[in-house]
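Engineer: Requesting a structural model of the entry that follows:
(one chain, ligands or ions: 2)
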Amino acid sequence: LLDINKIDSLKRHRVIKMAAALLQQGELVAFPTETVYGLGADAGSGEAVARIFQVKGRPQDNPLIVHIAGKKQLADITVNNLSATAEKLIERFWPGPLTLIMEKSPLIAAETTAGLASVAVRMPSHPVALALIEESGLPLAAPSANRSGAPSPTLAGHVLDDLKGRIPLIVGGGPCSIGVESTVLDVRGNQPLILRPGGISREEIEEVLGYHISSAGAISKDSNKKPASPGMKYRHYSPETPVYLKKLSADTMAAELAKYQGEAVAFLITDETACGLTAVAEELLEDKVFMTMGSRYTPERYASQVFAVLRKLDRLGLTRIIAEEIPERGLGAAVMNRLQKASLKE
Ligand code: TXA
Ligand code: MG
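Structural biologist: Numbering: from 1, shown residues only. Ligands and ions are numbered 1, 2, ... in the order given. Model (predicted):
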């Protein structure tokens, strides 16, 4: 692990050069983005990309996102001209946490897209990610740099915990500012479709386009129906400790806490719930772990902390983690999507 923030700018450049050389040789390098840490490989090399699946323990049919540093690189990734819709969204949201699904160019390895005719592309805004893509001159296929199924990594240390000894280099760049992955949007049809809620909210996209857009349904019960995005069918983001997602409020906390007397339980609660607790609830909370996740009406803090908090709590040997539901507005939709997938039904 080499942390970019802990060295001077000359050495920084050397680290980027070394990382780029590894990528050019078909090796894997983990790097920070504004959403979560990514595990990068040359998107044009089937062999390099196959190693990503191996290292993560990722199901073979779950395609990867290709990361670029400039719009020019799109010519190597997608075959068609950009639609007016795609142009508008790129203009407004790149670089940033918006991934677009387009028609795949043959220059992208079949392994990268798990054999699909489409390809997912995004331009991250993190300076280290951009420098690495530019220095290597490659489009980088990069999933989140965690073991498949675990909470996504938002600190270099999380990558080390999951992938130590399995990859040659982790470029550290501090905590990821957004903390949940990019929004995946299919822009091939007449109407864009959200395949995964993420760092750019539906509301922001609708504001730019001037009309309402829909989301592909969550995990389909009908197993014959193909999910719109292959990644949607897997359980995900889960610590070992069972997670339960619940509607909580200051008024109901005392009753909720009474159920777990003597149990080692952690609560992720909003400021609204934490601030209005009754004396009875406060007393019952004394032997519990609780983490405040910010206001339920400004979900940015919940988003930036959720994965790190799940990982931290997982080390405490608790019997369960209870996370408070928040409104699915703005980043709240991405937070709820991740918690729904991480959690068990009671
Ligand atoms: O923020 C992010 O997007 C992070 C950072 C590293 O950039 N990356 C990330 O990658 O979250 P990953 O592999 O964990 O998630 C990629 C998602 C999966 O749900 C996958 O199924 C979907 O994108 N996806 C990729 N290519 C696709 C395609 N051609 N069609 C539909 N869905 C696709
Ligand atoms: Mg992932």
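Engineer: Every contact and neighbour count from this point should use C-alpha atoms.
Structural biologist: Will do.
Engineer: Briefly note if the least confident helix or strand in the chain by mean pLDDT comes near ligand 1.
Structural biologist: In the chain, no helix or strand scores lower on mean pLDDT, DSSP states H and E than strand 214-215, which sits at a mean of 91. No - Strand 214-215 does not reach ligand 1 (Cα under 6 Å from any ligand atom); its nearest approach is 12.7 Å.
Engineer: Arg166: neighbouring residues, count only.
Structural biologist: Counted with other Cα atoms under 10 Å, the neighbours of Arg166 add up to 12.
Engineer: That one: what's it in contact with?
Structural biologist: The neighbours of Arg166, taking Cα atoms under 8 Å, 6 or more residues apart in numbering as the test, are Val55.
Engineer: From Gly332, how far off is it?
Structural biologist: 34 Å (Cα to Cα, to the nearest Å).
Engineer: With Glu34 instead?
Structural biologist: For Glu34, the distance to Gly332 - Cα to Cα - is 17 Å.
Engineer: How about the residues of the stretch 51-200 of the chain by ligand 1?
Structural biologist: By Cα under 6 Å from any ligand atom, the residues of the stretch 51-200 of the chain that approach ligand 1 are 62-65, 97, 101, 113, 118-120, 142-144, 181-182.
Engineer: Just to be sure, which of these are found in helices?
Structural biologist: Within these, no residue falls in helices by DSSP state H.
Engineer: Whichever of those residues end up buried, select them in PyMOL.
Structural biologist: Selecting only the buried entries of these in PyMOL, with 16 or more other Cα atoms under 10 Å as the criterion:
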select buried, resi 62+63+64+65+97+101+113+118+119+120+142+143+144+181+182
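Engineer: Relative to Glu256, which of the residues of the stretch 51-200 of the chain next to ligand 1 is nearest.
Structural biologist: Of all these, Glu181 has the smallest distance to Glu256: 31.0 Å, by Cα to Cα.
Engineer: what's that closest one in contact with, if anything?
Structural biologist: So Glu181 contacts 35-36, 97, 198-199 (Cα under 8 Å, 6+ apart).
Engineer: May I see those organised as JSON lines, with secondary structure and pLDDT added?
Structural biologist: Converted to JSON lines, the contacts of Glu181 look like this (DSSP: H, G, I helix; E, B strand; the rest coil; pLDDT from 0 to 100):
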{"residue": "Thr35", "secondary structure": "coil", "pLDDT": "98"}
{"residue": "Val36", "secondary structure": "coil", "pLDDT": "98"}
{"residue": "Pro97", "secondary structure": "coil", "pLDDT": "98"}
{"residue": "Gly198", "secondary structure": "coil", "pLDDT": "98"}
{"residue": "Gly199", "secondary structure": "coil", "pLDDT": "98"}
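Engineer: Tell me where the stretch 101-250 of the chain has strands.
Structural biologist: Remark: strands assigned in the stretch 101-250 of the chain by DSSP state E, counting those that start in this stretch are 118-122, 140-141, 169-172, 183-186, 193-196, 214-215, 243-246.
Engineer: returning to what we had before: so which pair among the contacts of Glu181 is furthest apart in space?
Structural biologist: Between all members of the contacts of Glu181, the farthest pair (by Cα to Cα) comes out as Val36 and Gly198, at 11.1 Å.
Engineer: which residues do those two both contact?
Structural biologist: Here Val36 and Gly198 have 180-181 as joint contacts, going by Cα under 8 Å, 6+ apart.
Engineer: Ranked by average pLDDT, which of the strands of the stretch 101-250 of the chain falls at the bottom?
Structural biologist: When those are ranked by mean pLDDT, strand 214-215 comes last with a mean of 91.
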